[in-house]
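>>> fold the following and give me the result.
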Amino acid sequence: MSKKIKNIRNIGIIAHIDAGKTTVTERILYYTGRSHKMGEVHDGEAIMDWMQDEQERGITITSAVTACHWDGHEINIIDTPGHVDFTIEVERSLRVLDGAVGVFCAVGGVEPQSETVWRQADKYHVPKIAFVNKLDRIGADFFNAVEMMKTRLDANPLILQIPVGAEDAFGGVIDLVGMQQIVWDEDTLGEDFDMLPLPKELEETAGEYREKLIETLAEVDDGIMEAYLSEEPIAVSDLRAAIRRATIDLQLVPVLCGSALKNKGVQPLIDAIVDYLPSPVDIPPMQGQHPETGEVMECVARENEPLAAIIFKVAMMEGRKLSFIRIYSGKVKAGEEVYNPGRETTEKLSRILRMHANKRERVDAAGAGSLVGVVGLKASTTGETLCFKKAPVLLEKIDFHEPVISVAIEPKSHTDQEKLDEVLDKFMVEDPTLKVKIDEDTGQTILSGMGELHLEIIISRMLREFKTHVNVGKPQVVYRETIASEASAGAVFDKEVAGQRHFGDVRLTLRPRPRGAGNIFSSDIDEGTFPVNFIPAIEQGVMESLESGMAMGYPVTDVAAVLTGGAFKESLGSDLAYRVSASMACKEALSKGNPFLLDPIMDVEILLPESFMGDVIGDLNARGGKIESIEPQVGIQVIKAVVPLAKMFGYSTSLRSATQGRGTFTMQFSHFDRSK
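Predicted structure coming up:
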């Protein structure tokens, strides 16, 4: 086993918007010597938030990648966005990470988006440690945040540190593993710190929490259980090894605390990343398939194995396409040819780059466990696999969410028109959740994305980065259509095309399916009605015509199309004829099936003081919302509801005025349904 791979940590910093993820990352970079100045988010100077929009808004939009070194280990960090509109950035980052640090605000505790990203990490079985941040803030409550981790995240927290004081009096932390007090020197920006013996007044509290730490560990670790029952002293090294095992097995979540902005608590967090989060060899090997045989293949984290890598992000930097890859097994060198089995194409890697936010350094090669940027890939894009042609493997693709909101855009001048298509192509390469189509009736370019902020940022970047000016229409909801009743229709295509006669006759029945079931096609014809080799063309015609419905031209969903009959004329039948006649029959059946619109229904979570509950619930009811639950939390109420997206435009303004600016909400797509 390569010692080097064992010393790699690929981690993500995940959290709700404003919990302090980027500040934590900035401090890690400063203390590991990767940067020589602390960037502050509120000054717009954070290294990881390098885009102008990020600096102005004080939020993270793209996941930035960086590498740093600590105690002989290489730590690759991805700082992910916390805003729900950029969920895809979190999703694709978690897909390639081995561990994650969840940052929680000591005042807000577990906030809605931290719950979403935590669940995303659970989906990919990512081991996690938690850092309760902002203990210097008014209203900070470390133990409440830990309690919320249990109730809202179903997590099993293992408290490794407890704070000394809180709010203005927050002075440091007690390390329960080593039973010491850690105090940071404010004059050296927290770079110097002292490990002190426990003060007398804190010995009892620390002893109590250390006992709880050992009890919790004993429940999941036999070695600790034996020592605990026989009342033997437990060595610090044994404790650390047991915590590491329990973290990697997803049984416990170690919890640390501090205040990143006040430079307290960060060095022990870096130690915990190294001590408790897995290296690429500690987790089960990534599984892939042989592209031809479908045989399951394991990609073991060793450099002498065949290459298996996945592209998890594509960015356009200075006009060049930069692909970020995670190498699961094998090794790749600059200038080498790699194979994309999904597209069956060969690509050449002209350069390999180690990333530091938007700065980079060239390296000659990268091996298993690495997260690197590569230049030179032309056809390959996000979610696709890279391997060698002689040992092909196909890794599972990354799921992408469908967009729910659209705006029409049009260029302001002829020069802008020329640039627009090129700019939009670049954005779509970077962001798979962004869709662009031309409305055939109006000729307008329609841009669809995950939320109002998502589209706002794209339009802002068009102007800033590419100097492309566009007029923007009002946001429109992306609906779906379906049918209410079963309907049948037939169509004949009998025409001469390019000097040759084509004939196709197709009869179809469309039936409604349950919500969320999707579209399916099946054939119910007797052998001999017409040759079976035309059925794929018929299916293609049906699926193409379901892309735009008869009610308002939106995509049709939740429909079962059954081929029930047709006719065939010897030597005149062709794929073209059957595809066109299937499409015509499908359109006619759709119009007979009582088509109706399906609204995108959103999951909405609102946090507000109790005194404003009545007004907010009344407003939600007026918007056609359905309240699913109301949960009391410390000082606030949490309302969970489902509301049609069409009724949610301008909601942030209404909520602010109804709650005197104290209410906040998050919203994400749930499903399509008929709004009541």
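>>> ok, Asp671 touching Pro514?
For the record, residue 671 is His, not Asp. No. The criterion here is Cβ atoms under 8 Å, and His671 misses it with Pro514 at 11.2 Å. C-beta here means a position set from N, CA and C on the backbone, and glycine is covered the same way.
>>> between the two, which one's more packed in?
In terms of neighbours (other Cβ atoms under 10 Å), His671 is the more surrounded of His671 and Pro514; the figures are 13 against 7.
>>> which neighbours does the host helix or strand of that one have in its sheet, and in what orientation?
Assigned by DSSP states H and E, His671 belongs to strand 664-673. According to DSSP bridges, strand 664-673 forms sheet pairs with strand 595-608 (antiparallel).
>>> what mean pLDDT does the partner strand have?
For strand 595-608, mean pLDDT rounds to 87.
>>> so which residues of the stretch 51-200 of the chain form strands?
Ranges of strands within the stretch 51-200 of the chain are 64-70, 73-79, 99-105, 128-133, 157-159, 161-164, 172-175, 180-184, 193-196, based on DSSP state E, counting those that start in this stretch.
>>> chain center to the strand holding His671, what's the gap?
Computed by Cα atoms, centre = their mean, to the nearest Å, the chain-centroid distance of strand 664-673 equals 15 Å.
>>> what comes up buried for that strand?
Within strand 664-673, the residues scored as buried using 16 or more other Cβ atoms under 10 Å are 664-670, 672-673.
>>> from the residues you listed, which single one is nearest Met602?
Met667 (4.8 Å; Cβ to Cβ).
>>> separation between Leu455 and Lys419?
Using Cβ to Cβ, to the nearest Å, we find Leu455 at a distance of 18 Å from Lys419.
>>> higher neighbour count, the two?
Leu455 (22 against 17).
>>> I'd like to know which elements whichever helix or strand that one is part of is packed against.
Assigned by DSSP H and E, Leu455 belongs to helix 452-466. Applying 3 or more Cβ pairs under 8 Å, 6 or more residues apart in numbering; DSSP states H and E, one finds that helix 452-466 contacts helix 52-57, strand 405-411, helix 414-430, strand 445-449, strand 470-472.
>>> contacts only, for Ala551.
The contact partners of Ala551, taken as Cβ atoms under 8 Å, 6 or more residues apart in numbering, are 481, 595-597.
>>> out of those, which is most surrounded?
Glu481 (23 neighbours).
>>> and the helix or strand hosting that one, how far out from the chain's middle?
Secondary structure from DSSP H and E places Glu481 in strand 480-483. Distance, stretch centre to chain centre, for strand 480-483: 28 Å (Cα atoms, centre = their mean).
>>> and that strand, average pLDDT?
Strand 480-483 comes out at a mean pLDDT of 92.
>>> neighbouring contacts of that strand?
With Cβ under 8 Å, 6+ apart, strand 480-483 has contacts from 510, 512, 549-552, 554-559, 590, 593-598, 600, 672.
>>> before we move on, the earlier item: wait, which of the buried residues of strand 664-673 is closest to Ile28?
Closest to Ile28, out of all of these and judged by Cβ to Cβ, is Thr666, at 26.5 Å.
>>> quick check: mean pLDDT of the helix or strand containing Pro254?
Here Pro254 sits within strand 253-257, counting by DSSP H and E. The average pLDDT within strand 253-257 is 95.
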